[in-house]
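A.B. asks: The following comprises the amino acid sequence and a computationally predicted model.
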There are 2 protein chains.
Amino acid sequence: MTSTIQDVARVAGVSVSTVSNVLNGRTDRMRSETLDRVKSAIATLEYRPSKLAQQLKTGHTPLLGLLVPSLTNPMYGHMAREIESYAQQKYEYRLLIGSTYRDRTQEIAFIEDLLAHGVRRVIVISSLADERHLESAVERGMVVVSYDRGATPGKRSRVSHVMPDNYAAARLATSHLIAQGHQRIAFVTVAGMTMSRSAKIDGFHAAADEAGLRDLAQILDGGALDEYGDGVIAEVGRATAHRIAAMADRPTGLVALNDLMAIGLIAGLREVGLQVPQDVSVVGMDGIYLAGLSNPSLSTVQLPVPEMMRAMVDRAMQAEAPLDASSSDQVLHSGRLVVRESVAAPPVQQRQVHVQTSQEKTAS
Amino acid sequence: MTSTIQDVARVAGVSVSTVSNVLNGRTDRMRSETLDRVKSAIATLEYRPSKLAQQLKTGHTPLLGLLVPSLTNPMYGHMAREIESYAQQKYEYRLLIGSTYRDRTQEIAFIEDLLAHGVRRVIVISSLADERHLESAVERGMVVVSYDRGATPGKRSRVSHVMPDNYAAARLATSHLIAQGHQRIAFVTVAGMTMSRSAKIDGFHAAADEAGLRDLAQILDGGALDEYGDGVIAEVGRATAHRIAAMADRPTGLVALNDLMAIGLIAGLREVGLQVPQDVSVVGMDGIYLAGLSNPSLSTVQLPVPEMMRAMVDRAMQAEAPLDASSSDQVLHSGRLVVRESVAAPPVQQRQVHVQTSQEKTAS
DNA sequence: TTGAAAGCGCTAACAT
DNA sequence: ATGTTAGCGCTTTCAA
């Protein structure tokens, strides 16, 4: 089907090792005439070395594993995009991708497969609290870079960590709300406590405490995500907005777990007749481009995605997993506040609404 | 590092071929005692066969290539998600993904790499008019399934095609606008004529002609996408909205190339003080979940993504590329109109606007 | 019922 | 300066 190194050797009238030598750039002490013959043989046969065979021999494959919660969340799409183009351009690596919906079993299965495919480097975007399966992958020769969670303090880890400063991001978002005069504020999250989520909650509380708002700050848990994982987080936001509308002393300022949640909240609030930002203000986190397109446009804390992704890829390309990740590790990437339209001063008086549901007609 | 089939053989006290036999289920004429020994050896060593070596031997690898224009467009994220989960569940295949930004060179390079990695099946979401590079991949042993473009009529092709009925979709969207009373209508697209785009334009024109609106229907080209490809299509929509606002006899009804473009249009129209749907109506195509969350929510033609993706994967898993794709091929998957808020009757009189630009403040 | 052996396409000593 | 050769980890006839 495809030509092999043998064919090239035959056509060029040389041995396979000579061909292999030119393939691998060991052409210094080679007669230029020989080099030419090999080169032209390669050209005429349109020969492409099998990465497969190369890999079986060398033990290395130019493939990078990428584990994402869900490609349905544009944030992860963006991240995947950045990782892919950087890994490709700088290292000539391709991406083997897997969605895990933050399910431990899926993560394990995926890593298992990577190992079987000879892939030795993986970027894990997940933030499951328990990282033992990642540690075990390192034992088996993987270089693992994990996003969105820090190394457990005081615990040595050979997993590399790159992460946004979630604490600072949430604090920044919350302070922005407070600066506009909000007092009854809430952090809206989903079920399941990942490290990044708890860091955000801490940041939210810190900002509230700082302003003496401890008793007025609350955490709203929108419940579990279904099998689709993060993709439906906007739906959780929408449903939560309905709940919020029905609250007696409803919060006037909402800090959303992330932008997609915020977009869901805004949609849900609108459905129940509450205006953003006149009745309720909303801040997001992430800084996806859709935040700038929503109506009202979403104020958010924008994370430096390209920088973080590059840092991850660079680490993944290290020859070895770090011996102890606790030192060089904790570089927190901080976000910046992008002020748009979704935040304003709180209303003087709470508007009454009767909860209703939107309807959607379908025609053929 | 990892244990090999040799290790298992040694521990079990059998030959490698026996181990290989149990690996491949040829255990019928095997003494159950032997089988047990092998099994327990596998278990204690935590042995995992190297897909790599298997592949070098068999020529097959459980990897599916996926070429997308850009993971930044949620539509492609959704498609990738469906493909991945179906390929994984039904065939135990993993995904090797590549973004090409609809660039021919990138497509070729990616396919080249797939071949080198021994990957024999690829799904191409691209709709570049020229498919020769795909044909050539078939020659070299690839099973290629292409989305979003039909086989060239009258031309034999060994590339399999799965596609939405873009013509019908655009026609449906356009008719919806016309049914609300719109006469000055426009189809908003980007530079670069792919097959799917021209099919949509044809559908748009068909609906217009049918209603005797030929002279009032126009095509608006928002210009080229930058290196980011489809991800920034919303930006093109936004910019185009500004242009539209400045038109003398501006259209009252807009059919967007896809939902992301529609979302950009809505955002842009709002920026220049035009209300959707009071001043201008907008219909999208695709049916991404964000369409239901926008404000106003977007009326659109929803495509049956899961069905189409499953059809693609199933075709990609065929043993051989079809000899002639023109027969079984042209199954058009049709979309359904989802009516939401972005379409209403046209305004009685055109509202004057002075074009302004939104501003965005940034703080640290 | 099990084992021996020949590769799959390449790389890298080691020879020459 | 180039060729010989021994594998990498597996599958699969073919023998025993």
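C.D. replies: Great, that's in hand. As the structure is a prediction and not an experimental result, all values here were calculated from the model.

A.B. asks: hey, let's count contacts and neighbours off CA atoms from now on
C.D. replies: Fine.

A.B. asks: packing partners for the longest helix anywhere in chain A?
C.D. replies: Ranked by number of residues, the top helix in chain A under DSSP state H is helix A:74-91. Helix A:74-91 is packed against strand A:63-68, strand A:94-99, helix A:305-316, helix B:74-91, strand B:94-99, with contacts defined by 3 or more Cα pairs under 8 Å, 6 or more residues apart in numbering or on different chains; DSSP states H and E.

A.B. asks: right, and the ones you listed - which one's nearest A:Val19?
C.D. replies: strand A:63-68 (24.3 Å; Cα to Cα).

A.B. asks: Helix A:305-316 and that closest one, what's the angle between them?
C.D. replies: 130 degrees (axes from the mean of the first three to the mean of the last three Cα atoms, to 10 degrees).

A.B. asks: Strand A:63-68 to strand A:94-99, inter-axis angle?
C.D. replies: 20 degrees.

A.B. asks: Give me the distance from strand A:63-68 to the chain's centre.
C.D. replies: 11 Å (Cα atoms, centre = their mean, to the nearest Å).

A.B. asks: what inclination does it have with respect to helix A:74-91?
C.D. replies: On the basis of the same axes, to 10 degrees, strand A:63-68 is oriented at 170 degrees to helix A:74-91.

A.B. asks: Report the residue spans of chain A with pLDDT below the cut-off.
C.D. replies: A:1, A:127, A:150-154, A:227-231, A:323-330, A:354-364 (pLDDT under 70).

A.B. asks: can you give me the helices for it?
C.D. replies: Applying DSSP H to chain A gives helices spanning A:5-12, A:16-23, A:32-45, A:51-58, A:74-91, A:104-116, A:132-139, A:166-179, A:195-210, A:233-245, A:259-271, A:305-316.

A.B. asks: Other residues contacting the fifth one?
C.D. replies: Among residues not part of helix A:74-91, those counted as contacts by Cα atoms under 8 Å, 6 or more residues apart in numbering or on different chains are A:64, A:66, A:68-71, A:93-95, A:286, A:288, A:305-306, A:309-310, A:313, B:70-74, B:77, B:98-99.

A.B. asks: tell me which residues in it are buried?
C.D. replies: Neighbour-count burial for helix A:74-91 flags A:74-88 (criterion: 16 or more other Cα atoms under 10 Å in any protein chain shown).

A.B. asks: Show me the domain layout of chain A.
C.D. replies: A:5-49, A:63-165+A:306-333, A:166-304+A:336-345 (automatic domain parsing).

A.B. asks: any idea how far the second one is from the chain center?
C.D. replies: Computed by Cα atoms, centre = their mean, the separation of domain A:63-165+A:306-333 from the middle of its chain amounts to 10 Å.

A.B. asks: near DNA strand D, anything from it?
C.D. replies: No. Counting by Cα under 7 Å from any atom of the strand, DNA strand D has no neighbours in domain A:63-165+A:306-333; the shortest distance is 8.2 Å.

A.B. asks: Briefly note if that domain comes near DNA strand C.
C.D. replies: No. Contact of domain A:63-165+A:306-333 with DNA strand C (Cα under 7 Å from any atom of the strand) is absent, the minimum separation being 13.3 Å.

A.B. asks: quick one: terminal-to-terminal distance for that domain?
C.D. replies: 26 Å (Cα to Cα, to the nearest Å).

A.B. asks: For A:Glu33, list the residues it contacts.
C.D. replies: By Cα under 8 Å, 6+ apart, A:Glu33 has no neighbours at all.

A.B. asks: From A:Thr72, how far out is the closest residue in space to A:Leu220 that isn't next to it in sequence?
C.D. replies: Nearest residue to A:Leu220 in three dimensions, chain neighbours excluded: A:Val188, at 4.7 Å (Cα to Cα, 6 or more residues apart in numbering or on different chains). Separation of A:Val188 from A:Thr72 (Cα to Cα) stands at 20 Å.

A.B. asks: Comparing the two, which residue is more hemmed in?
C.D. replies: Neighbour count, other Cα atoms under 10 Å in any protein chain shown: between A:Val188 and A:Thr72, A:Thr72 has more, with 30 against 24.

A.B. asks: For that one, give me phi and psi.
C.D. replies: The phi/psi pair for A:Thr72 (degrees, to the nearest 10) reads phi -80, psi -30.

A.B. asks: Show me what the closest residue to A:Asp148 other than its chain neighbours bridges to in the sheet.
C.D. replies: In space, A:Asp148 comes closest to A:Met163 once its chain neighbours are excluded; the distance is 4.6 Å by Cα to Cα, 6+ apart. Bridge pairing for A:Met163 (DSSP bridges) gives the partners A:Leu332.

A.B. asks: burial measure for the residue lying closest to A:Ala344 once chain neighbours are set aside, as a count.
C.D. replies: Spatial nearest neighbour of A:Ala344, chain neighbours left out: A:Pro277 (5.5 Å); criterion: Cα to Cα, 6+ apart. Number of residues near A:Pro277 (other Cα under 10 Å) recorded here: 20.

A.B. asks: Same question for A:Ser198.
C.D. replies: That count, for A:Ser198 with other Cα under 10 Å as the rule, works out to 16.

A.B. asks: how near is A:Thr34 to A:Ile108?
C.D. replies: 49 Å.

A.B. asks: cool, A:Ala345 as well?
C.D. replies: Computed as Cα to Cα, the A:Ala345 to A:Ile108 distance reads 47 Å.

A.B. asks: returning to that earlier point: look up the residues forming beta bridges with the residue nearest to A:Leu220.
C.D. replies: For A:Val188, the beta-bridge partners are A:Leu220, A:Ala256 (DSSP bridges).

A.B. asks: ok, it - contacts?
C.D. replies: Going by Cα under 8 Å, 6+ apart, A:Val188 touches A:219-222, A:237, A:254-257.

A.B. asks: repeat that for 6 Å
C.D. replies: Each residue near A:Val188 by Cα atoms under 6 Å, 6 or more residues apart in numbering or on different chains is listed here: A:220, A:256-257.

A.B. asks: next one: A:Asn295
C.D. replies: B:Asn295.

A.B. asks: Any idea what the closest residue to A:Gln318 other than its chain neighbours is bridged to?
C.D. replies: Excluding the flanking residues, the one nearest A:Gln318 by Cα to Cα, 6+ apart is A:Val143, at 7.6 Å. For A:Val143, the beta-bridge partners are A:Arg121 (DSSP bridges).

A.B. asks: Wait, A:Val143 touches A:Val119, no?
C.D. replies: No. Look at A:Val143 against A:Val119 with Cα atoms under 6 Å: they stay out of range, at 9.5 Å.

A.B. asks: More neighbours: which of these two?
C.D. replies: Comparing A:Val143 with A:Val119 by neighbour count (other Cα under 10 Å), the higher total belongs to A:Val143, at 27 against 24.

A.B. asks: Distance across stretch A:183-202, terminal residue to terminal residue?
C.D. replies: In stretch A:183-202, first residue to last residue: 17 Å (Cα to Cα).

A.B. asks: what comes up buried for that stretch?
C.D. replies: A:183-190, A:194-202.

A.B. asks: okay, the angle between the longest helix of chain A and helix A:259-271?
C.D. replies: 160 degrees.
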